[in-house]
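K.L.:
Requesting a structural model of the entry that follows:
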Amino acid sequence: MDGLKYFLSSLADLALPRSCIVCGRDLETRENHLCIYCAADFPFTRFWTSDRNEMADRLNSLISRDMQTEERETGYERYSYAAALFFYHSGAGYRKIPQALKYRKRIAAGQYFAHMLGDRIFSSPLFRDVDLIIPVPLHWRRKWERGYNQAEIIAAALADLCGSPVCNGMLKRNRYSVSQTKLPVGEKQANVRKAFGVVPETARAYSPSHILVVDDVFTTGATVNACHAALRKHFGSGTRISIATLGFVCSE
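P.N.:
Numbering: from 1, shown residues only. All right, here's what the predicted structure looks like:
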């Protein structure tokens, strides 16, 4: 940060003080969204360093279950990669990061943390060949109520880093489903089962080899698994489908 920019930023902070998104402490001029203390303790998952991790295992378990119950038509499925930026604990302040984007319209913060995620996953050989990014869609009614889709914000920021296109219109919600937030685990699975479909007219414009499905938080994996199923049905086993989110809800 050059001298003039630092001076102007300092003046802006005096007029409109910024606070740490996690702990609420006033931010210094050179700090962005996180104070130095919360940045130092940031709970990185480091899932991008390994193809086998807790998040990927959870997702692939759901995929395997669906294949065994004949909910999927394919007889072959490669192990899907999955990575999140940080561990999400209900009692920790870091949970405020996706909440701020989703409920408080903190778009700049969402972009900042999405860039943090992108810097890490696209430096990994697991995700380096991603050639299409697809955000988890909202039903039109919920998007209208909120004004935007938080997954689209994250996806656009990731695309800035890897140069791959984002397709917001390929996946659609087949029906309006209730919020997943407070549902029991079993009901979350049923709530989104077959809730997504691929728009054929949009999908025909792409021949991806590696799709990255993007959402804000991975909880049970029910939502991204349903998206995975819809994309797999259309593109077949030749296309790898991976998952990336900001937060990962681990066992508490």
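K.L.:
now the helices for this structure?
P.N.:
With helices called from DSSP state H, the chain shows them at 3-15, 36-40, 54-68, 96-103, 107-121, 140-146, 150-162, 185-192, 200-203, 222-235.
K.L.:
Which strands and helices lie in contact with the last one?
P.N.:
Going back to what we said before, that points to helix 222-235. When contacts are defined as 3 or more Cβ pairs under 8 Å, 6 or more residues apart in numbering; DSSP states H and E, helix 222-235 packs onto helix 54-68, strand 171-173, helix 185-192, strand 196-198, helix 200-203, strand 210-218, strand 240-249. For the C-beta atoms, the positions are set from N, CA and C on the backbone; glycine is no exception.
K.L.:
mind checking which of these is nearest H89?
P.N.:
With Cβ to Cβ as the measure, strand 240-249 is the member of these nearest H89 (7.9 Å).
K.L.:
Can you show me the CA trace of that closest one as CSV?
P.N.:
C-alpha atoms of strand 240-249 as CSV (Å, rounded to 0.1, in the frame of the first residue of the first chain):
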residue,chain,number,x,y,z
ARG,A,240,-14.8,-35.2,-13.1
ILE,A,241,-17.0,-33.3,-10.7
SER,A,242,-15.4,-31.7,-7.6
ILE,A,243,-16.8,-29.5,-4.8
ALA,A,244,-15.5,-26.3,-3.1
THR,A,245,-17.0,-24.3,-0.3
LEU,A,246,-15.9,-21.6,2.1
GLY,A,247,-16.9,-23.5,5.3
PHE,A,248,-16.9,-27.2,6.3
VAL,A,249,-19.0,-28.2,9.3
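K.L.:
That one pairs with which strands?
P.N.:
strand 82-88 (parallel), strand 210-218 (parallel) (DSSP bridges).
K.L.:
got JSON lines for those strands, with mean pLDDT and mean neighbour count too?
P.N.:
JSON lines is the format used below for those (pLDDT from 0 to 100; neighbours: other Cβ atoms under 10 Å):
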{"stretch": "strand 82-88", "mean pLDDT": "98", "mean neighbour count": "25"}
{"stretch": "strand 210-218", "mean pLDDT": "98", "mean neighbour count": "24"}
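K.L.:
Throw these into a markdown table and include distance to N53, thanks.
P.N.:
Compiled in a markdown table, the strands paired with strand 240-249 are given as follows (distance: least, Cβ to Cβ, whole Å):
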| stretch | distance to N53 |
| --- | --- |
| strand 82-88 | 7 |
| strand 210-218 | 11 |
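K.L.:
which one of those lies closest to H139?
P.N.:
Taking these one by one with Cβ to Cβ, strand 210-218 is closest: 14.4 Å.
K.L.:
quick one, that closest one and helix 54-68 angle?
P.N.:
110 degrees (axes from the mean of the first three to the mean of the last three Cα atoms, to 10 degrees).
K.L.:
now strand 210-218 against helix 222-235, angle please.
P.N.:
Here strand 210-218 runs at an angle of 160 degrees relative to helix 222-235 (the same axes, to 10 degrees).
K.L.:
isn't S242 right up against S80?
P.N.:
Yes - using Cβ atoms under 8 Å, S242 is in contact with S80, at 5.9 Å.
K.L.:
The helices of the chain: which one's closest to N168?
P.N.:
Taking Cβ to Cβ, helix 150-162 is the member of the helices of the chain nearest to N168, at 5.5 Å.
K.L.:
Can you name every helix or strand that the closest one contacts?
P.N.:
Helix 150-162 sits against helix 96-103, helix 107-121, strand 132-135, strand 210-218, strand 240-249, with contacts defined as 3+ Cβ pairs under 8 Å, 6+ apart.
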